[in-house]
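# Provide a 3D model corresponding to the input given below.
(2 chains)
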2 protein chains.
Amino acid sequence: MNDAEEDLPSAPPEPGEVGLVEPHDFVCPQPFRFESGQTLPGFTLRYETYGHLNAAHDNAVLICHALSGDHHCAGIHALTDPKPGWWNNFIGPGKAVDTNHFFVVCANVLGGCQGSSGPSSPNPHTGRPFGLAFPFVTIRDMVRAHKLLCDHLGVSSLYAVVGGSMGGMQVLQWGIEYPTFVRRMIPLATTARESAQAIAFNEVGRQAIMQDPEWHHGDYPKGGGPRVGLAIARMMAHITYLSDESMDLKFGRRKTAGVATPPGAATPSSRKPSAADAGSTTPASGTSAAYTFDVQFEVESYLRHQAESFINRFDANSYLYITRALDHFDLTAAHGSLEQAFAGVEAATLSVAFTSDWLFPSAQNREIVLALLRAGKRASYAELSTNLGHDSFLLESEELYSLVRGFLTR
Amino acid sequence: MNDAEEDLPSAPPEPGEVGLVEPHDFVCPQPFRFESGQTLPGFTLRYETYGHLNAAHDNAVLICHALSGDHHCAGIHALTDPKPGWWNNFIGPGKAVDTNHFFVVCANVLGGCQGSSGPSSPNPHTGRPFGLAFPFVTIRDMVRAHKLLCDHLGVSSLYAVVGGSMGGMQVLQWGIEYPTFVRRMIPLATTARESAQAIAFNEVGRQAIMQDPEWHHGDYPKGGGPRVGLAIARMMAHITYLSDESMDLKFGRRKTAGVATPPGAATPSSRKPSAADAGSTTPASGTSAAYTFDVQFEVESYLRHQAESFINRFDANSYLYITRALDHFDLTAAHGSLEQAFAGVEAATLSVAFTSDWLFPSAQNREIVLALLRAGKRASYAELSTNLGHDSFLLESEELYSLVRGFLTR
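Sure, this is the predicted structure:
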């Protein structure tokens, strides 16, 4: 299933790199019933695989992506494409998740917007995007859909399920939902129940989107819609993925030069620019460049750039659906207690937290392991000292690699 | 100057309470030159006072308010008004700042919107609000304007300057700008330089306002303007004033009943509501109330309520101006080093930080005191253990009261 080897023999992968990969679509023709009770007659999942499924069909490692991630987690899509998958430092021949030994699978979540069925997919009844007519999605729905993909791929059991943030929630749900199918869980930088603070940040992002006059109650053409609201949501969320310390190290109070375009403003939109939009946003006239509401600090420029990039690849309705799925995630409420939630788990667990993660703090990760241990399960907890915030799980870390490598080979 | 005693003898204050108070306006007729180089021919400051100025005119305590605060920090404006000033627990006869001994002064900042001159004040050249024609404001401008008020009131020196958050920045600026005029500084939950993370949150709030189509480059009628953008900004900022722990204790994951009005939506505005605005925001039909983008968790309802209340009392342009003043605050850059900034200070300082404050964390408050000590000044640092976040400085705390009382009486 490694596209580089099968489809493009003239371009062998670099040593240590997954190399060229191609996404595939799994079209599930059977009706799917969501937790909400709503149904779809079928759905599509976009996915990638790296490495080979062995004869016993039991060497698959499933990678679960976070809110803004997708199925493209390793390798490159073209030799001219310098940007590899989002977890390329973690997955590949000889890497922490070793594609010489494992058959790695990663799929865009149900409700997403990178090729899997979601609110931006065409509604067969109208020919237009589903919008809010798409069924409400939960973390459990995402996992159940991905199970159908695993079955389709002929996977007999998952050697491991790995993911950070929302990916970590899916990992836990996998272990609970399919106890005999999952042999190892590696939840990173995650939680067993979304906290009030995290719900609050999600709600502000949703309000920014839903109050954008371009949202139109979710009914907008593909590529259009509430780009400004989505940019605001992303800028704010991005702050929660970093840390005070990492932002001070990375940007401090350094100033930038020049006037940047406000996020979302220079993009196709039916919003009419006012005459003032053309100019800079500086009070009165005759003041120095230091006195302006235009971008002035590097951290502002960085956030705008992040937002601009995000709104060109992400659908605002998917952002609503997926953040609501996060809000709803609460294994304690769903099972009475976290111990009860884990009562049937057969997998061994390695949970990793990061000291500077204030979105899903260490204590919330530790709670998962304590509950697993109280339920009599095999579980280990590691807390890595970083200053990079929630995104630590995505960044280069020999400490993380060796922990995961050790756990996957034992 | 106690309005309750002078103007309304028939309604004596409750024991321990400041009682009825009235705001006053100080109209400064002289031209004021801002740090930006811009000038105003004069300005107005709205202020309140409690207690009496003594014969030596040296018992005044100046209270400096934070971003969303105002001049009304103690007492009530009417016997029928149940809501006292924002620091009424802290200021009054026999309280931490004892109005039996001190003449307490609090004024709305320059650039504000509660009666002091700011972007919502009428521009004499146009008869309409200044908007972005109002000069750029810095923390130092705020302090210099308030010094003119102190002179007007006949204050010979300030017994103490007290404030939290942005108020704490003003406190530090007072000690630096007027070293012989200020005898005690009490900066609480503050910083000597706005961090990258704090700038980032401010920037997201400003973008929410400036990208609101009702902003019109700052040119909107009083009471109108970018109410939705201001609501988004406030919701987000409010999260930064609390803590993960306090939000979990206060709201947890409790659900609320009913459909709330989206913040800013049900208010006078030229934005046309879409047909969909009338209904609830629930995907598809036939789903249970659990599956909705409407308000569902108590924390969401709380944030919306906070935002709704804020946009009815605060001007969006003032929000831009004041957050930019925060961003610009950097005593290190302005003076070469923090020790040099404090080189001329004559006041004694009590700095108080709160363990759960992640907006202006303990380390940033401790840094102030260390620099004062290195510069050979009298300075003490206290770190109070709370779980209430940045807003801890505003909340009831016998620990804080006794520290301040002790510092003011020694």
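# what does the domain assignment say about chain A?
Domain ranges of chain A: A:3-193+A:331-409, A:200-318, per automatic domain parsing.
# Adding mean pLDDT and mean neighbour count, write these out as a markdown table.
No exception for glycine: its C-beta is placed from N, CA and C like everyone else's. What follows is the domains of chain A, written out as a markdown table (pLDDT from 0 to 100; neighbours: other C-beta atoms under 10 Å in any protein chain shown):
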| stretch | mean pLDDT | mean neighbour count |
| --- | --- | --- |
| domain A:3-193+A:331-409 | 95 | 20 |
| domain A:200-318 | 83 | 20 |
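# measure the residue lying closest to residue A:367 once chain neighbours are set aside to chain B for me?
Distances taken as C-beta to C-beta, 6 or more residues apart in numbering or on different chains put residue A:192 closest to residue A:367, at 6.4 Å, once the chain neighbours are dropped. According to C-beta to the nearest C-beta, to the nearest Å, residue A:192 stands 12 Å off from chain B.
# Run a quick check on residue A:192 versus residue A:335, I expect a contact.
No: counting by C-beta atoms under 8 Å, residue A:192 sits too far from residue A:335 to count as a contact (9.9 Å).
# so what's in contact with these two at the same time?
Counting by C-beta atoms under 8 Å, 6 or more residues apart in numbering or on different chains, the contacts common to residue A:192 and residue A:335 are residue A:341.
# which stretches of the stretch 251-400 of chain A form strands?
In the stretch 251-400 of chain A, the strands defined using DSSP state E, counting those that start in this stretch lie at A:348-354, A:379-384.
# what's the angle from the shortest one to strand A:348-354?
An angle of 20 degrees separates the directions of strand A:379-384 and strand A:348-354 when computed by axes from the mean of the first three to the mean of the last three C-alpha atoms, to 10 degrees.
# Strand A:379-384 pairs with which strands?
When pairs are called by DSSP bridges, strand A:379-384 turns out to pair with strand A:348-354 (parallel).
# from the middle of its chain, how far away would the partner strand be?
Between the centre of strand A:348-354 and the centre of its chain there are 18 Å (C-alpha atoms, centre = their mean, to the nearest Å).
# Same check on stretch A:338-356?
In this view, stretch A:338-356 has its centroid 20 Å away from the chain centroid, taken as C-alpha atoms, centre = their mean.
# tell me the contacts of the residue nearest to residue A:367?
Applying C-beta under 8 Å, 6+ apart, one finds that residue A:192 lies in contact with A:169, A:172, A:329, A:330, A:331, A:332, A:338, A:341, A:364, A:367, A:368, A:371.
# same for the one helix or strand the first one maps to, what does it pack against?
Assigned by DSSP states H and E, residue A:169 belongs to helix A:166-177. If contacts are counted by 3 or more C-beta pairs under 8 Å, 6 or more residues apart in numbering or on different chains; DSSP states H and E, helix A:166-177 sits against strand A:60-64, helix A:139-152, strand A:158-164, strand A:184-188, helix A:316-328, helix A:331-335.
# Repeat the analysis, applying 6 Å as the threshold.
Under the contact criterion of 3 or more C-beta pairs under 6 Å, 6 or more residues apart in numbering or on different chains; DSSP states H and E, helix A:166-177 touches strand A:60-64, helix A:139-152, strand A:158-164, strand A:184-188.
# Contacts for that helix next, please.
A:64-67, A:139-140, A:142-143, A:161, A:163, A:182, A:185, A:187-188, A:190, A:326, A:329, A:341, A:345, A:347 (C-beta atoms under 6 Å, 6 or more residues apart in numbering or on different chains).
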